[in-house]
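sequence plus predicted model, see below.
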Amino acid sequence: MRVIYKYPFSIADAFTLRLPVGAKILSVQLQDGQPTLWAMVDPREPATWIREFRVFWTGRFVPDATDYPPLVFLATIQMNGLVWHLFEALPL
């Protein structure tokens, strides 16, 4: 059985979320002005995995893959007149 859960977060250059093992990220959007990630999870899964995320603002430097973990683009969000881009940093 799988369920979709939401995970509110604060915008920072880098942050982590503890998600159940096997969680599949579905969407990232604002909900009532709060950045929120939705993921499909198995609520019976007892193990969790700390997943790392990076935020890059439009017009800012994005490191090369040789200097940084591999990044997977998740979403672009506009908030308070700014545009930011969320990536998941994959484990090396």
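All right, it came through fine. Numbers count the residues shown, from 1 in each chain.

mind showing which ranges of the chain have poor pLDDT?
65 (pLDDT under 70).

which residues in it form strands?
Listed in chain order, the strands of the chain (DSSP state E) span residues 3-8, 14-20, 24-31, 34-41, 48-57, 71-79, 82-89.

for my notes, please list these in TSV and give mean neighbour count and distance to residue 64 for each entry.
Placement of C-beta: from N, CA and C, glycine included. Output for the strands of the chain, formatted as TSV (neighbours: other Cβ atoms under 10 Å; distance: least, Cβ to Cβ, whole Å):
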stretch	mean neighbour count	distance to residue 64
strand 3-8	13	29
strand 14-20	15	17
strand 24-31	14	24
strand 34-41	18	26
strand 48-57	16	13
strand 71-79	13	10
strand 82-89	16	14
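
now these in JSON lines, with distance to residue 63?
Conversion of those to JSON lines gives the following (distance: least, Cβ to Cβ, whole Å):
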{"stretch": "strand 3-8", "distance to residue 63": "25"}
{"stretch": "strand 14-20", "distance to residue 63": "12"}
{"stretch": "strand 24-31", "distance to residue 63": "21"}
{"stretch": "strand 34-41", "distance to residue 63": "22"}
{"stretch": "strand 48-57", "distance to residue 63": "9"}
{"stretch": "strand 71-79", "distance to residue 63": "9"}
{"stretch": "strand 82-89", "distance to residue 63": "10"}
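
how many other residues sit next to the closest residue to residue 39 other than its chain neighbours?
When the adjacent residues along the chain are set aside, residue 39 lies closest to residue 23, with 4.4 Å between them (Cβ to Cβ, 6 or more residues apart in numbering). When neighbours are counted by other Cβ atoms under 10 Å, residue 23 registers 21.

residues contacting residue 23?
Each residue near residue 23 by Cβ atoms under 8 Å, 6 or more residues apart in numbering is listed here: 39, 40, 41, 49, 51.

bridging residues for the first one?
In this structure, residue 39 has the following beta-bridge partners (DSSP bridges): residue 5, residue 25.

same question, the fourth one
Per DSSP bridges, residues listed as beta-bridge partners of residue 49: residue 19.

pretty sure it is touching residue 19, no?
Yes - using Cβ atoms under 8 Å, residue 49 is in contact with residue 19, at 5.9 Å.
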